[in-house]
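Engineer: What follows is a predicted protein model with its sequence.
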Amino acid sequence: MSDPLFDGDDDAATPLDPDEREGLIPNYITLRRELNEAEAINIAEAERWAFSRKRDVLDEGTLKALHRQMFGKVWKWAGDIRQTEKTIGIDPVRIGVELKTLLDDVRYWIANETYPADEIAVRFHHRLVAIHPFPNGNGRHARLAADVLIKQLGGDRFTWGRKNMVEPSATRKAYVAALQKADAHDISDLIEFARS
């Protein structure tokens, strides 16, 4: 039987397991558009929080706090590291180690000017999405974390295609295709998309 809240036509969306679905906080939400709206409101509040003062997004605790700020009014598990296997992302037992490695790598790139600032932030975003540390919201979380990082590196926030990518669209397809190309070690389309 189809569930109008959790079933959709977006193959790139991370599916939630039954326990994660039970973590929905607002009891009025019965449709996907209501869920998307509630999450969008929560994320807008989180953006204000994220840019209200300097935040070290290269700290695991800050990344968890950012996710909690983005989704904490909608999901009980917001900010908690994923414990379940997903169709995308690494094995949950490796998340802690891979997250630490990522944060160390980004600090190194910054200290040694390994890449231009935009590329550092986009590479950070890509690896964070690939790790997929949370049950859901990883793309949105990684985009906001990259935005915070690029601001700290002296750049402007990314535009990420200038569209809401929650719903299936040509923009979302282009974003997913750029992520997949980055998975194959070609980050160029993702850098371009981030500034489109």
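Structural biologist: Right, received. Where do you want to start? Residues are numbered from 1 along each chain as shown.
Engineer: Isn't residue 16 up against residue 135?
Structural biologist: Yes. With contact defined as C-beta atoms under 8 Å, residue 16 reaches residue 135; the gap is 6.2 Å. Where C-beta positions appear, they are placed from N, C-alpha and C, glycine not excepted.
Engineer: Compare neighbour counts for these two and give me the winner.
Structural biologist: Using other C-beta atoms under 10 Å, the more surrounded residue of residue 16 and residue 135 is residue 135, with 27 against 19.
Engineer: Show me what the helix-or-strand element of the chain with minimal mean pLDDT is in contact with.
Structural biologist: None of the helices or strands of the chain scores lower by mean pLDDT, DSSP states H and E than helix 18-21, at a mean of 90. Applying C-beta atoms under 8 Å, 6 or more residues apart in numbering, the contact partners of helix 18-21 are 6, 75, 77, 84, 135, 136.
Engineer: What is the neighbour count of the third one?
Structural biologist: The burial count assigned to residue 77 is 21, neighbours taken as other C-beta under 10 Å.
Engineer: Could you check how far the closest residue to it other than its chain neighbours is from residue 75?
Structural biologist: Nearest-residue entry for residue 77: residue 23, 4.6 Å, with adjacent residues in sequence omitted and distances by C-beta to C-beta, 6 or more residues apart in numbering. To residue 75, residue 23 is 5 Å away according to C-beta to C-beta, to the nearest Å.
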